[in-house]
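> turn this into a structure:
(one chain, ligands or ions: 1)
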Amino acid sequence: MIYADYNGSAPPCLEVCEYLQKRLAPGAPFANPNAIHKLGKKIFLGMENARAVCAKNLGAKPFQLTLTSGATEAISIVMHSLIEQATSLQKKTIICSSIEHSAVHRSVQYYEEKYGFRVLWLPTLPSGVVDINMLETWLIAHHKDLAFVTVMAANNETGVIQPYREISEFCQRYNVPYFSDTTQIIAKDDFHFIDSGMDYAVLSSHKVGALIGSGLILSKNPENLRELIIGGGQEKYKRGGTQNYIGMETMAVALKAFQEKYKERLKDLKEERIQFEAQIKKMFPQVVILGEEAERLATTTYLSYPGIHGQAVQIELECQDIFVTTSSACSDNLPVTSKVLKSMNINDSIGRGVVRISVGACAPFGIYQHITEGLVKAYKKLIPINCPEQSQF
Ligand SMILES: Cc1ncc(COP(=O)(O)O)c(C=O)c1O
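A predicted model of the protein is given here:
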């Protein structure tokens, strides 16, 4: 089996699997980390140790980390906090990129529809990179009324890395809070929270090789967070509910393993990916790699053969035990071009043909060889049926 949907969910890395085997063994310590008995204290100390390890590997201070159930919840808490703050300052405009994951996109739409915020949707260039000149123009024009700017760090479909350091500098210059959805960049590229200059960032455990079910908010000033999940005062009254301390422990194990071991492999994986893309394009010159001109995650390829539905390719690959995704939304069972691709001015013929191949830093070497063979087989079968005029097979 070849698994190539790491952007959807990454399998737990080897170190996490080994850790969990011991951690879940009979007799291993369990308790509520907020209990004042000895067992509770022990769990609490373990959780705080894990927080410190996560912080070190994310370029942050332990107090800047707030534990959540995943990235979607982390995003909702950040948005709620930014909106409350903006409301008290009577600021009513939001700048949001047009390629955000629905966790950000739909949150912003919610505040637009329910609370009358005005949203300026920042377009991208055809490369898939946001239009930074337009952002600066808007910051100059609207900074007095800006609640916040939100632009993700790396796109989940194309893998295109956004100029987040430059965006931080602009936002600092105009004194506007900057939130970046960093879900896809962490453990797939270098990331240092404090150096990034962002006000808020987020992490999802199942994207970094940890156990699914937890996540983090990274805040420059966590005192600015506002409680959305109201509970027993956990996480310094910023997120109620008993913490998923085992989830936190596995995030520490996965992030440490990435820094110490897997990060080094990204260079080789990127080389493998470049060769894979070149080979596919040589065999099938019609193939388009989305975001090819931009800086991309080492581990993501988003490609399309115009005229061949991505879902058909996905099914052909699945028959060969290769798991990828198309990332195209479905309405009435018709695959449609995603908003990310629309923002890049991609036509429907390409947009409906996309297949996302995403691996991770701990993926086995040689994985691209299997994917190449699978894809060649799939296209050789599908081209004569869907594009007979292009068929030489
Ligand atoms: C960019 C991005 N943001 C947020 C999320 C949501 O993450 P979670 O599954 O942890 O809620 C995802 C998951 O696909 C994502 O890719």
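
> burial of the closest residue to residue 337 other than its chain neighbours, as a residue count?
Of all residues not flanking residue 337 in the chain, residue 351 sits nearest, at 2.8 Å (CB to CB, 6 or more residues apart in numbering). For the C-beta atoms, the positions are set from N, CA and C on the backbone; glycine is no exception. As a burial measure, the neighbour count of residue 351 was computed by other CB atoms under 10 Å and equals 21.

> please tell me how far residue 351 sits from residue 335.
Here the criterion is CB to CB, to the nearest Å. By it, residue 351 lies 8 Å from residue 335.

> what's the answer for residue 278, then?
Distance of residue 278 to residue 335, computed by CB to CB: 27 Å.

> partners of the residue of the stretch 151-300 of the chain found nearest the ligand in the sheet?
In the stretch 151-300 of the chain, the residue found nearest to the ligand is residue 204; the distance is 3.1 Å by CB to the nearest ligand atom. The residues listed as beta-bridge partners of residue 204 by DSSP bridges are residue 215.

> test my guess that it contacts residue 71.
Yes - the pair formed by residue 204 and residue 71 meets the contact definition of CB atoms under 8 Å, at 3.6 Å.

> who touches both of those two?
The overlap between the contact sets of residue 204 and residue 71 (CB atoms under 8 Å, 6 or more residues apart in numbering) consists of 183, 215.

> neighbour count for the two, which is higher?
In this view residue 204 and residue 71 are compared by other CB under 10 Å, and residue 204 has more residues nearby, 29 against 26.

> where does residue 312 land in three-state SS?
Residue 312 falls in the helix class when you classify it by DSSP: H, G, I helix; E, B strand; the rest coil.

> what residues are up against it?
For residue 312, the contacting residues are 382, 386, by CB under 8 Å, 6+ apart.

> mind listing what the nearest residue to residue 152 once chain neighbours are set aside touches?
Nearest-residue entry for residue 152: residue 181, 4.1 Å, with adjacent residues in sequence omitted and distances by CB to CB, 6+ apart. Counting by CB under 8 Å, 6+ apart, residue 181 touches 71, 75, 100, 101, 103, 104, 150, 152, 153, 201, 202.

> pretty sure the residue nearest to residue 337 sits against residue 338.
Yes - applying CB under 8 Å, one finds residue 351 in contact with residue 338, separated by 6.8 Å.

> near the ligand, which residues of the stretch 201-350 of the chain?
Along the stretch 201-350 of the chain, the residues adjacent to the ligand under the rule CB under 6 Å from any ligand atom are 204, 215.

> swap in 8 Å and give it another go.
Within reach of the ligand by CB under 8 Å from any ligand atom, the stretch 201-350 of the chain has these residues: 202, 204, 205, 206, 207, 215.

> return the per-residue confidence for the residue nearest the centre of the chain.
The centre of the chain sits closest to residue 184, judged by CA atoms, centre = their mean, with a distance of 2.5 Å. The predicted structure scores residue 184 at 98 on the pLDDT scale.

> quick check: it is in a helix.
No - using three-state DSSP, the secondary structure at residue 184 is coil, not a helix.

> ramachandran angles for it?
phi -90, psi -20 (degrees, to the nearest 10).

> distance of the closest residue to it other than its chain neighbours relative to residue 132?
Closest residue to residue 184 in three dimensions, ignoring its sequence neighbours and counting by CB to CB, 6+ apart: residue 154, at 4.3 Å. Applying CB to CB, the value for residue 154 to residue 132 is 16 Å.

> more neighbours: which of the two?
The residue with more neighbours, out of residue 154 and residue 132 and counting by other CB under 10 Å, is residue 154; that gives 25 against 16.

> now residue 100. Its backbone dihedrals?
Taking degrees, to the nearest 10, you get phi -70, psi 150 for the backbone angles of residue 100.

> about what we covered before: pretty sure the residue nearest to residue 184 contacts residue 162?
Yes - counting by CB under 8 Å, residue 154 does reach residue 162; the two are 6.8 Å apart.

> pLDDT added to the contacts of residue 181, as CSV?
As requested, these are exported to CSV (pLDDT from 0 to 100):
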residue, pLDDT
71, 98
75, 98
100, 98
101, 97
103, 97
104, 98
150, 98
152, 98
153, 98
201, 98
202, 98
